[in-house]
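Colleague: Predicted model and sequence below, questions to follow.
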Amino acid sequence: MTDTYDVIRSVLTTTFRIPDDEISPGRTLEQLELDSLALAEFALILQERLEVRVDEEHATRATTLAQVTEHLDTLRAQSVTTP
């Protein structure tokens, strides 16, 4: 996985106190027991750390960590190529 995934993993373990062994790319945000308030906080923290905005449809309870990572990697790549 990418450095984006490492940031996501770090946020989940430090901010949301999710044990590292429960985090894997195929896990959904629901499986990690993030409710709607936690999802909003998760998206905000990722926005601050990665300097890209997570679209709501890409951070639902059914979204996997791999999907969130892919979406953020795409946004980060676009922000580098866009002046």
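Modeller: Received the coordinates, thanks. Residues are numbered from 1 along each chain as shown.
Colleague: which residues touch the lengthiest helix in the chain?
Modeller: Ranked by residue count, the top helix of the chain under DSSP state H comes out as helix 65-81. For helix 65-81, contacts defined as C-beta atoms under 8 Å, 6 or more residues apart in numbering pick out 1-2, 4-5, 8-9, 23-29, 46, 50-55, 58-59. Placement of C-beta: from N, CA and C, glycine included.
Colleague: Could you list the low-confidence segments of the chain?
Modeller: 1, 81-83 (pLDDT under 70).
Colleague: And the helices in it?
Modeller: 3-14, 36-50, 65-81.
Colleague: by contact count, what packs against the shortest one?
Modeller: Counting contacts by 3 or more C-beta pairs under 8 Å, 6 or more residues apart in numbering; DSSP states H and E, helix 3-14 packs against helix 36-50, helix 65-81.
Colleague: what residues does that helix touch?
Modeller: 18-20, 23, 25, 32, 42, 45-46, 49-50, 65-66, 68-69, 72-73, 76.
Colleague: Distance of the residue lying closest to Ser24 once chain neighbours are set aside relative to Arg27?
Modeller: Among residues not flanking Ser24 along the chain, Leu65 sits closest, at 7.1 Å (C-beta to C-beta, 6 or more residues apart in numbering). Per C-beta to C-beta, to the nearest Å, Leu65 is found 6 Å from Arg27.
Colleague: Between those two, which is the more surrounded one?
Modeller: Leu65 (21 against 15; other C-beta atoms under 10 Å).
Colleague: Pull out the buried positions in stretch 55-62.
Modeller: Neighbour counts over stretch 55-62 (16 or more other C-beta atoms under 10 Å) mark Ala59 as buried.
Colleague: hey, C-alpha coordinates of it in CSV?
Modeller: Output of stretch 55-62 as CSV, limited to C-alpha atoms (Å, rounded to 0.1, in the frame of the first residue of the first chain):
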residue,chain,number,x,y,z
ASP,A,55,-15.7,13.3,-1.0
GLU,A,56,-18.6,12.0,1.1
GLU,A,57,-19.4,9.2,-1.3
HIS,A,58,-15.9,7.9,-0.9
ALA,A,59,-16.0,7.6,2.9
THR,A,60,-19.3,5.8,3.7
ARG,A,61,-19.6,3.0,6.3
ALA,A,62,-19.5,0.5,3.4
